[in-house]
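**Student:** predicted model and sequence follow; I will ask about them next.
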Amino acid sequence: MWSFVSGISEPIGAILVGFMLYPFISDALLGAMLSVVGGFMVYISLDELLPMSRSLGKEHLSILGIAAGMLVMAFSLALL
């Protein structure tokens with residue numbers, strides 16, 4: 001139940017903020033918001049998840065996974 005409550009809060013929050021910011025949304029604002037969220041995700045990945053994965057062993061595998069993920073993202077963006 002708590003997983004559902006946690007998961008459903010994101011789309012509800014996105015809808016509420018979407019309605020509040022709808023008159024102000026422009027390409028620049030949308031790009032800025034996506035950049036901030038992307039920065040948060042990079043921070044969480046590198047600061048929280050990477051040290052945890054390294055503490056579980058196979059230190060080089062976690063670094064290779066991050067590099068492979070970055071390459072996949074770069075390739076997919078180049079295709080668009």
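**Tutor:** Received the coordinates, thanks. Residues are numbered from 1 along each chain as shown.
**Student:** and the helix or strand of the chain with the lowest mean pLDDT, what's buried?
**Tutor:** In the chain, no helix or strand scores lower on mean pLDDT, DSSP states H and E than helix 50-55, which sits at a mean of 81. Within helix 50-55, the residues that qualify as buried are Leu50, Ser53, counting by 16 or more other C-beta atoms under 10 Å. Where you see a C-beta, it was placed from the backbone N, CA and C, and this is true even at glycine.
**Student:** so which strand or helix has the most centrally placed residue in the chain?
**Tutor:** Taking C-alpha atoms, centre = their mean, the centroid of the chain lies closest to Met41, which sits 3.8 Å from it. Assessed by DSSP states H and E, Met41 sits inside helix 27-43.
**Student:** chain center to that helix, what's the gap?
**Tutor:** 9 Å (C-alpha atoms, centre = their mean, to the nearest Å).
**Student:** show me the contact partners of that helix.
**Tutor:** The contact list for helix 27-43 (C-beta atoms under 8 Å, 6 or more residues apart in numbering) reads Leu21.
**Student:** now stretch 54-73
**Tutor:** Ser45, Leu46, Leu50, Ser53.
**Student:** turn those residues into CSV, including distance to Val72.
**Tutor:** Shown next, in CSV, are the contacts of stretch 54-73 (distance: C-beta to C-beta, whole Å):
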residue, distance to Val72
Ser45, 14
Leu46, 17
Leu50, 17
Ser53, 18
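**Student:** report the two of these separated the most.
**Tutor:** Leu46 and Ser53 (10.9 Å; C-beta to C-beta).
**Student:** can you give me phi and psi for Leu71?
**Tutor:** Note on Leu71: backbone dihedrals following degrees, to the nearest 10 are phi -70, psi -40.
**Student:** from Gly65, how far off is it?
**Tutor:** 11 Å (C-beta to C-beta, to the nearest Å).
**Student:** higher neighbour count, the two?
**Tutor:** Gly65 (14 against 10; other C-beta atoms under 10 Å).
**Student:** so where does the more buried one fall, helix or strand?
**Tutor:** Here Gly65, judged by DSSP H and E, is contained in helix 59-79.
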